Structures are given as structure tokens and as C-alpha cells.
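1. Sequence unavailable; structure follows:
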């Protein structure tokens, strides 16, 4: 398996659907374009492209080109081999404002004029809080999906007021997110799968609550990811390469935690940040931890990263989980910047990871999916 540049092939090899809010494309909303993509696949026999007899059939890729605009809609990608591509992440924004504390009968979302309202929100008979995993702006629940040159945001606001608010819920294998901005506050980016069991009853209510826990590989390249508390969390094997990881100021002694990994037991890799810059928007020095273990087997490695002064000198917090000292792995290799204080890192962490640089190459972390051709 590999992440390929099939979305850069000629138009004869792929189907392109153009989204424009000005009516000069094929569709006005992204959801409408995804419906059209599904219909195209069905019409073409599930998109199977004939190959030589010796080769397996391949699903024909579909590219959805999204012209500049602010698209206030919930986007759910459930077809494999789909690319959502904008021209510039600052010009093409997909955004909603849904928080976990909002009641499920808040109201429908989407565009009522084109039938894209979402049935999972707006149940008039349900006044219970939505919970974390029904707040997403975009859900990717498919393999071989590419997002490029987009902003995906949840603008519900401060988690102390609205609760968790996911911008991107990514759950699939061989996902590529490139030159995107993923913006929010608490729980900005969820990299599925969910942990095997919830800690609180009803804690996993959402689109993948009862789905098999399948660990996928995800690659984030040249992205900006912003938030405050646990704003990159989940159980995926994920590589973050040449990204800016920006912590937002909450005006507190502890402004937040960058990661909350739930790496499944037995996995070699969880999160790997390679060549990333950990920056802050107004956070006081030493007020942000690099992460804490959402589950006991969390694995996070930082390689050749720059840590800003906002990073707490201890680096990591155990979330009052002493068992995680023996089961988790939090490490650094070639770190630099005012926020790196190796002598202060706890004894259960590795500020100078002995694994070596090659161990954290995309090919090692992601397997064949780490080769873009």
C-alpha cells in the first residue's frame, strides 16, 4: 500500500468536480459534490478502472476542487480515493461551530436548500449534550483520502464555555493532509480510532461508536494545527512533518496540552512529529505541556523539532496515571529551542531517544504509505 500522487494525474485518468459558491462550478456545496461523486462511482460500476490482467483493478480517483469561499457546512467523506483540494488554505475555509456541551436539539446544520442538513444533529426530542464526537466540522471515514490547501475549523469557541469541539475527525488508512490549516480550541484534531472502551458511559457517542477499532496511517505535511487542550488526540499512527503546532492562550497557569495520544497496546508508533515548530499565540513561558497519555500505552516522539518558550520545562504530564510510566513512551531526538529542558523531563520519558533518526523516517513509521511518488 502507498500514498501516491494519483490525484495529480491527467483529467483522462480522474474525475474532477468543481465546487463554487458563485454558481460557476458543478456544485454549490461540498456535500453536494460528495453526493455527485458517489453517484459517479455508482454509474461507473464503483469506479473500477480496467487494468492489465496481471494487475488488480483500482478505484478511479475523484478530485473535488473547492474554489475560494467560506463553506459553513458539515462535510462527511465516506468514499475512498477522494481528494478535496483548494487553491489556498487562507482562501478556502470549511467551518462550523459546534461544541460538546450544546444540546443535541440545538438545530439542524448544513444547507436546508440542497438537502444537506444532518440528521445526527437537531433531534427535537433529545436535550442531552452532544458530547465530543458529534461536534466535528469534517469527518473522514474512508481510506486513501487527500486534503490539500484547505482550512478546516471549528469556531465554537473556548472549551471552558462550549466543551470539546472537533474540527477534523480523521479515521482511515493512508490519509494525506497537506498544506492545510486545522483550527480550533479543545480537541481540534481527532485521529481515530477510538480507544477500545470509554471511561464514561456515553463518552463515545458519534459516528464510530460501535465501529471496529482499526488503526490507520495518517500523514500531515506542512500544516498549521492550532488549539489549546489536547488539540491533537487519538489512536492513529500519524506522522506530522514540517508542521506548525500552535498553542492558544487561555490566560491560565497551565494553558494546555498539545497531544493526548491513545495509542493501542502493542503498536510500535503513535504520533511522530518530525521537523515541526511548536509555537504559541500569547502563551506565558512554561505554560503548555507537550502532551499527556489519554490511554496508558500512548506513544509520542518529537524529532528535530523546535520548542518555543511556552513549553513547560518538564515537557510531559502523566495525567495522574502512574501506570503509564511503564507503558507509555514519550521521547525527543535532536530537539532545540527555549522550551527544551532535557534535565527537567521526567525519568519515565526519553529526552534523547536512543532509537535514532532513521527509526522515525516516513517509510518506517508509515510503511509503504510513507512513499509519495
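-> Received, thanks. Since this is a predicted model, take the numbers as computed values, not measurements.
2. drop to CA atoms for contacts and neighbour counts, all remaining ones
-> Fine.
3. Return the residues in contact with the nearest residue to residue 319 once chain neighbours are set aside.
-> Leaving out its chain neighbours, the residue that sits closest to residue 319 by CA to CA, 6 or more residues apart in numbering is residue 292, at 5.9 Å. By CA atoms under 8 Å, 6 or more residues apart in numbering, the contact set of residue 292 is 257, 259, 260, 261, 316, 317, 318, 319.
4. Just those: which are in strands?
-> In strands, defined here by DSSP state E, the members of the contacts of residue 292 are 257, 259, 260, 261.
5. For ChimeraX, write a command that selects the buried ones of the contacts of residue 292.
-> In ChimeraX syntax, the buried subset of the contacts of residue 292 is picked out as below (16 or more other CA atoms under 10 Å):
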select :257,259,260,261,316,317,318
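6. want to throw the contacts of residue 292 into JSON lines with pLDDT and distance to residue 37?
-> Converted to JSON lines, those look like this (pLDDT from 0 to 100; distance: CA to CA, whole Å):
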{"residue": "257", "pLDDT": "98", "distance to residue 37": "38"}
{"residue": "259", "pLDDT": "98", "distance to residue 37": "34"}
{"residue": "260", "pLDDT": "98", "distance to residue 37": "35"}
{"residue": "261", "pLDDT": "98", "distance to residue 37": "33"}
{"residue": "316", "pLDDT": "98", "distance to residue 37": "44"}
{"residue": "317", "pLDDT": "98", "distance to residue 37": "45"}
{"residue": "318", "pLDDT": "98", "distance to residue 37": "45"}
{"residue": "319", "pLDDT": "98", "distance to residue 37": "44"}
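7. I'd like to know which of the contacts of residue 292 is nearest to residue 332.
-> Distance to residue 332 across the contacts of residue 292 (CA to CA) is lowest for residue 316, with 11.2 Å.
8. Would you confirm that that closest one contacts residue 289?
-> Yes - contact criterion CA atoms under 8 Å: residue 316 and residue 289 qualify, at 5.4 Å.
9. Please list all residues in contact with the closest residue to residue 341 other than its chain neighbours.
-> Excluding the flanking residues, the one nearest residue 341 by CA to CA, 6+ apart is residue 313, at 5.2 Å. Each residue near residue 313 by CA under 8 Å, 6+ apart is listed here: 286, 339, 340, 341, 342, 344, 345.
10. How about residue 184?
-> Contacts of residue 184 (CA under 8 Å, 6+ apart): 153, 154, 155, 156, 157, 165, 166, 167, 226, 227, 231.
11. can you give me the helices in the chain?
-> With DSSP state H, the ranges of helices along the chain come out as 30-43, 159-162, 324-327, 362-366.
12. and residue 160, how many residues sit next to it?
-> For residue 160, the neighbour count with other CA atoms under 10 Å is 11.
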